[in-house]
Structure formats: C-alpha cells, structure tokens
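[1] need a 3D model of the sequence below.
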Amino acid sequence: MREGLGPGPHGVRPVLGRAPSCPSQAGQAPLMMDEREEDADEEAWLQLRPVEPLPSQCCGSGCSPCVFDLYHRELARWEAARASKDRSLLSGEESQSCPSKLSPETFLAFCISAVDRLTEDTYHVRFALPRNCQFSLRPGQHLILRGKVDGLEIQRAYTPISPANAEGYFEVLIKCYPTGLMSRYVKSWGTGHTAFWRGPFGDFFYKANQENSLEKLPWSYREKTRFGRLAQGLIEELVGSCRRKPFALVCGSAEFTKDMARCLLCAGLAKDSYFLF
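    Prediction:
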C-alpha cells in the first residue's frame with residue numbers, strides 16, 4: 001500500500017496498489033541457481049578427467065601404446081565429450097569378468113587359479129581363461145601387469161612361459177626382490193585373487209633358421225646384430241666396437257658361460273666387467 005496526495009478533507013487520500021519491484025532483485029534468484037548448476041556440472045566433469053600417469057606407471061619396455069599414449073588418448077576423448085556435454089562418449093569401466101582375449105589398450109582382469117612358490121623369491125602363477133580359449137602368444141611377446149602398493153600404481157612387463165597352444169590358462173614366472181614395489185604386490189597374491197594385464201607387445205619374433213639376413217630384421221636391430229658362431233674373434237670385434245667400457249651379461253649352460261668368460265678375459269675385460277648367470 002502507498003499514500004499519495006489527492007483531493008479530500010485534509011488534502012491527503014490513501015491510495016491502494018502494488019509496490020514496484022526492485023530491478024536489482026528481479027531475476028536474481030534464477031541467475032544464482034543457474035550459476036550453481038553450472039559450477040556443479042563443471043565439478044562433475046573435472047572428476048571424470050583422466051589422471052596423468054606417474055613415471056612409476058611406465059614399465060620402461062617401450063611398449064606401444066605406452067601408458068602415456070593411452071592417457072593422451074583418453075584425455076582427447078574426455079575433452080570431446082565435455083565440449084559436446086555427452087558423457088556417453090567416455091570409455092566404460094574395465095571388465096571384471098574372465099576375458100578370452102587380450103587388449104593392448106585396456107587392462108583386463110584375470111583370476112589367479114594357482115600360485116606356486118618355487119624358491120624363496122620365485123613364484124609360478126597360473127591365470128584362468130574361459131574353457132578352450134588360447135592367447136596364442138608368439139615367442140618374444142610380453143604382457144604388462146598393473147599393481148598398486150601404498151596407493152602408488154606401478155606397471156611391469158612379463159613374458160608368459162605357458163605354451164602358445166595352452167588352453168584355458170596362461171602362466172608367468174616372476175622373480176621378486178626385497179625392495180621391489182611390484183614384488184610386494186606379487187607376494188600378496190593368492191588363489192582366487194584378480195590381477196590386471198594388457199598386451200601383447202613385442203614385434204621381434206623368433207623364427208627358426210630365419211634370422212640370417214639383416215634386411216629381414218627391424219631397422220633398429222640391424223646395426224648391432226652379428227651372424228655366426230659366438231667365438232673369440234666375434235667377441236673381440238664386439239668389445240672393440242664399444243665407445244665406452246662395456247659390461248657383459250652371460251646366460252646359458254655351464255660350459256657356455258665358462259667359454260664366454262674366457263673369451264671376455266682374452267678380449268680385455270676384467271672380471272668385474274661381466275656377470276655370469
């Protein structure tokens with residue numbers, strides 16, 4: 001109600017009506033609500049943003065795609081989904097079932113069916129596959145294992161030791177170390193536990209009696225590859241071609257390592273410059 005001047009006994013007459021609304025308040029509540037909704041939506045998208053991997057999450061084996069390649073790929077997918085406000089463009093959750101195929105890009109869950117401790121620090125682990133399924137990995141290929149210790153995600157490369165035609169399972173042999181993060185994770189495994197793998201990786205395959213031409217090898221292997229019997233002359237050539245003092249690692253039968261140690265000594269290496277497995 002408001003009062004106004006007008007004719008009357010005393011010159012004043014009450015006037016009934018609605019007070020004018022304040023321009024600064026009109027529409028203010030809807031505006032504040034829209035801002036809150038936008039902030040909540042922005043926060044929800046930020047929570048879906050892929051997390052950049054830590055250096056510890058790279059296995060260092062040169063696999064492709066690398067964990068950082070996958071991160072940039074997921075980041076591009078997230079940015080496209082955010083721009084179009086379509087969350088269906090984002091990738092789904094990891095499979096928790098027992099898959100029958102590997103994926104180089106996505107970690108898949110595999111159930112442990114058996115764990116055998118062969119020595120104090122060596123574990124033979126079998127993972128289950130659906131009946132009659134085969135991975136058919138070729139010699140020279142490896143898989144990437146993902147683990148988490150004290151909240152830190154880590155990844156390492158391992159080569160399955162099961163036959164290529166093994167049905168319903170694949171196996172790995174893992175050596176654990178006292179201060180190894182992945183070793184702590186592996187030691188916690190038991191039958192029925194789940195581990196995540198992706199792969200396979202590796203493009204350098206072994207073919208019997210066919211590595212006799214440099215042209216058939218990947219270009220990155222050609223410069224440092226030699227053909228022939230590993231004898232004194234070849235050992236001296238390899239040692240002499242090194243720009244810095246080399247350190248040799250020798251693995252084989254007892255007779256082979258003995259012969260190689262003699263050749264390395266004759267080529268000028270000291271005993272602390274090679275290791276015999």
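[2] residues near W197, how many?
    The tally of other residues near W197 (other Cβ atoms under 10 Å) stands at 21. (Each C-beta comes from the backbone N, C-alpha and C, glycine too.)
[3] once you drop chain neighbours, what's closest to it?
    Among residues not flanking W197 along the chain, L143 sits closest, at 4.9 Å (Cβ to Cβ, 6 or more residues apart in numbering).
[4] phi first, then psi, for the one you found.
    phi -120, psi 160 (degrees, to the nearest 10).
[5] same check, this time on T257
    T257 adopts backbone torsions of phi -60, psi -30, taken as degrees, to the nearest 10.
[6] ok, it to L75 distance?
    Per Cβ to Cβ, to the nearest Å, T257 is found 48 Å from L75.
[7] same deal with M260?
    The gap separating M260 from L75 is 48 Å, by Cβ to Cβ.
[8] give me the more crowded residue out of these two.
    M260 (18 against 14).
[9] A157 against R146, yeah?
    No - the criterion here is Cβ atoms under 8 Å, and A157 misses it with R146 at 11.1 Å.
[10] of the two, which one has the most company?
    R146 (19 against 16).
[11] circling back: hmm, L102 and the residue nearest to W197 touching each other?
    Yes - when contacts are counted by Cβ under 8 Å, L143 is listed as touching L102 (7.1 Å).
[12] need the overlap of contacts for the two.
    Counting by Cβ atoms under 8 Å, 6 or more residues apart in numbering, the contacts common to L143 and L102 are 197-200.
[13] in helices, which of these fall?
    Among the shared contacts of L143 and L102, no residue falls in helices (DSSP state H).
[14] just the ones in strands from those residues, please.
    197-200 (DSSP state E).
[15] any chance of CSV for those residues, columns distance to K187 and pLDDT?
    Listed next are those as CSV, based on distance: Cβ to Cβ, whole Å; pLDDT from 0 to 100:
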residue, distance to K187, pLDDT
W197, 18, 93
R198, 22, 90
G199, 22, 89
P200, 25, 89
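[16] show me which of the residues you listed is closest to D150.
    W197 (21.4 Å; Cβ to Cβ).
[17] isn't the closest one up against H142?
    No - W197 is beyond contact range of H142, at 10.3 Å (criterion: Cβ under 8 Å).
[18] now do the strands in the stretch 151-277 of the chain.
    Remark: strands assigned in the stretch 151-277 of the chain by DSSP state E, counting those that start in this stretch are 152-158, 169-175, 194-201, 248-250, 274-276.
[19] who wins for proximity to A80 among these?
    Closest to A80 of the strands of the stretch 151-277 of the chain is strand 194-201 (Cβ to Cβ; 23.1 Å).
[20] run the chain-centre distance for that closest one.
    Mean-position distance between strand 194-201 and its chain equals 9 Å (Cα atoms, centre = their mean, to the nearest Å).
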